[in-house]
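J.: need coordinates for the following:
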Amino acid sequence: MEFCQVKLEGHAHSMTIYVTGLLADLAATRTELAVSRLREGTQVVRVDLRGVEIIDPTAFVRVARSLSRWRDEQRGRVMIQFPERSVRESRPPVSLPVRTKLCLHAPTRVDIFEAVPERVALRCSP
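T.: Next comes the predicted model:
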């Protein structure tokens with residue numbers, strides 16, 4: 001069972017590397033190998049990660065460094081197409097009480113539920 005696939009598509013002056021599945025050590029190694037074997041005359045390398053489900057940060061750094069080395073050596077261009085961000089269930093916004101007045105003096109009437117440490121600015125009573 002393969003957890004990733006790395007495929008190469010070539011044109012006259014550009015190459016596309018497609019990565020699908022899990023971007024981990026195996027995919028990073030295969031991508032580094034593909035980058036090291038790009039043919040002479042390649043000016044643009046596009047890496048398509050839209051099919052990647054999980055990205056291991058260490059493996060991605062390896063891929064990015066190999067692309068950066070190729071770009072610097074060949075004076076080429078590199079484009080990386082990332083997968084869409086995962087959609088998380090949003091939570092309703094939390095409303096916090098708004099303090100309208102701040103003062104450095106203790107209020108004249110202190111309630112036991114409004115005890116505030118001495119070093120914090122205290123809320124003035126109306």
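J.: show me where this structure has its strands.
T.: 4-10, 14-23, 44-55, 77-81, 102-103, 122-123 (DSSP state E).
J.: go through whichever helix in the chain runs longest and flag the buried ones.
T.: When the chain is scanned for its longest helix (criterion: DSSP state H), the result is helix 57-74. Within helix 57-74, the residues that count as buried by 16 or more other Cβ atoms under 10 Å are 59-60, 62-63, 66-67, 70. Where you see a C-beta, it was placed from the backbone N, CA and C, and this is true even at glycine.
J.: could you list the low-pLDDT ranges of the protein?
T.: In the predicted model, the chain carries pLDDT under 70 at residues 1, 86-126.
J.: before we move on, back to that, how far off strand 4-10 does the longest helix of the chain point, in degrees?
T.: Put simply, helix 57-74 runs at 20 degrees to strand 4-10, going by axes from the mean of the first three to the mean of the last three Cα atoms, to 10 degrees.
J.: from the contact counts, what lies against helix 57-74?
T.: With contacts defined as 3 or more Cβ pairs under 8 Å, 6 or more residues apart in numbering; DSSP states H and E, helix 57-74 has these neighbours: strand 14-23, helix 25-36, strand 44-55, strand 77-81.
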